[in-house]
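Visitor: Okay, sequence plus prediction incoming.
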Amino acid sequence: LSAELPRLLGLSWIAEAMGVVLLAPPLLAVGWPGRPAVRHLEGVAWIAAAGAFTLAVHGGSLSAPAALAASYAVFPLILAVALRFGPAVTSAAVLAVAAAALSCTALGKGPFAQVGPVADLLSLHAHLAMLGVTGLLLAAARSERDRADRQAREHLHTLARAGRLGAVSSLAGGIAHEVNQPLAAANSYAQGAQRMLRAGRPREEVAAALEAVVRGNERAAEVVRRLRAFLRSDAGEREAADLNTLVGEAIELVIPEYRRHRIGLLSDRHPEPLAVWADPVAIRQVVVNLLQNALEAVLGGEGLAWVQVTTRRDPGGRWGEVAVADSGPG
């Protein structure tokens, strides 16, 4: 017994280590959060494919040398799973491969059932250890890269939002005037309607004054709506949009500042809608930034100052283009 003890301890340690390598990753990855149902189903299909392939190789009628060579063909499959899905599905696929291979080897089938139970299991454990460690390391590297990409996108979104807040800060005076003007007009019409009601004026005159109140409130609400759309926090989400509409909304945000400085802002937009697949918030921000830069360029210049925005479709008909020109230097 004393002579067999080191060997038994070694075998026990190897068995326990393989249990940790094969069972711990899928248990730690239970829950698989943030994945849509379609990706769940696709991941299950890849796991089943890995198990089925291993059963075909280890339990088939191939000769021992051919089966041994074919058993390594599961490596590219596991690597593909690691690159596509990350650690959760990779660990489950490795576990499916291990279950199939161990079952076949225990039944005396496959390339690792040739010498004896102990030697066969040691060879199979080495094979599975290489497979599991390789797949999990690659999956971990992919997961870390995805996390870094998400953080980079979040930082870019934060910087973009700060840029939009800065743009609104510089346009605050013009925007406040644009909101106050219709509200002041609506207040005047409302007071006039009150006086008309007290004086017993005809309903038609009172109705006209109230309609002017509604129009003024709607105009102010439209300015607020454009401002909220510009400051939306869900930037980065692409959707179908009309480039002409996005450019028009950006122009409406900066036009009060142009009026305050008495700078002409010309708009030459394509006569037909320009359908694009883009992030509306980012497009508005880019156009607003360009128009602000153009305004700064023409301020203090000599002669007639102007800025022109043009939208058109490229000659190939695939893209929408926005061009901003100004009379400033350079």
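Guide: Right, received. Where do you want to start?
Visitor: Do a quick rundown of the helices in the stretch 51-200 of the chain.
Guide: All helices of the stretch 51-200 of the chain, identified by DSSP state H, counting those that start in this stretch, fall at 64-71, 74-85, 87-106, 117-170, 172-199.
Visitor: Let me know the pLDDT of residue 80.
Guide: For residue 80, the pLDDT comes out at 91.
Visitor: can the helices of the stretch 51-200 of the chain go into JSON lines with extra columns for mean neighbour count and distance to residue 48?
Guide: C-betas here are computed from N, CA, C, even on glycine. Output for these, formatted as JSON lines (neighbours: other C-beta atoms under 10 Å; distance: least, C-beta to C-beta, whole Å):
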{"stretch": "helix 64-71", "mean neighbour count": "16", "distance to residue 48": "18"}
{"stretch": "helix 74-85", "mean neighbour count": "18", "distance to residue 48": "12"}
{"stretch": "helix 87-106", "mean neighbour count": "23", "distance to residue 48": "7"}
{"stretch": "helix 117-170", "mean neighbour count": "15", "distance to residue 48": "16"}
{"stretch": "helix 172-199", "mean neighbour count": "15", "distance to residue 48": "58"}
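Visitor: Adding distance to residue 210, write those helices out as JSON lines.
Guide: JSON lines is the format used below for the helices of the stretch 51-200 of the chain (distance: least, C-beta to C-beta, whole Å):
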{"stretch": "helix 64-71", "distance to residue 210": "84"}
{"stretch": "helix 74-85", "distance to residue 210": "62"}
{"stretch": "helix 87-106", "distance to residue 210": "62"}
{"stretch": "helix 117-170", "distance to residue 210": "32"}
{"stretch": "helix 172-199", "distance to residue 210": "6"}
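Visitor: Quick one: closest of those helices to residue 288.
Guide: helix 117-170 (5.3 Å; C-beta to C-beta).
Visitor: between the helices of the stretch 51-200 of the chain, which gets nearest to residue 321?
Guide: The nearest among the helices of the stretch 51-200 of the chain, by C-beta to C-beta, is helix 117-170 at 21.6 Å.
Visitor: Report the mean per-residue pLDDT for the closest one.
Guide: 77.
Visitor: In terms of secondary structure, what does it contact?
Guide: With contacts defined as 3 or more C-beta pairs under 8 Å, 6 or more residues apart in numbering; DSSP states H and E, the packing partners of helix 117-170 are helix 5-28, helix 74-85, helix 87-106, helix 203-230, helix 280-298.
Visitor: Buried ones in the fourth one, by neighbour count?
Guide: Think helix 203-230. 206, 209, 210, 212, 213, 216, 219, 220, 223, 226, 227, 230 (16 or more other C-beta atoms under 10 Å).
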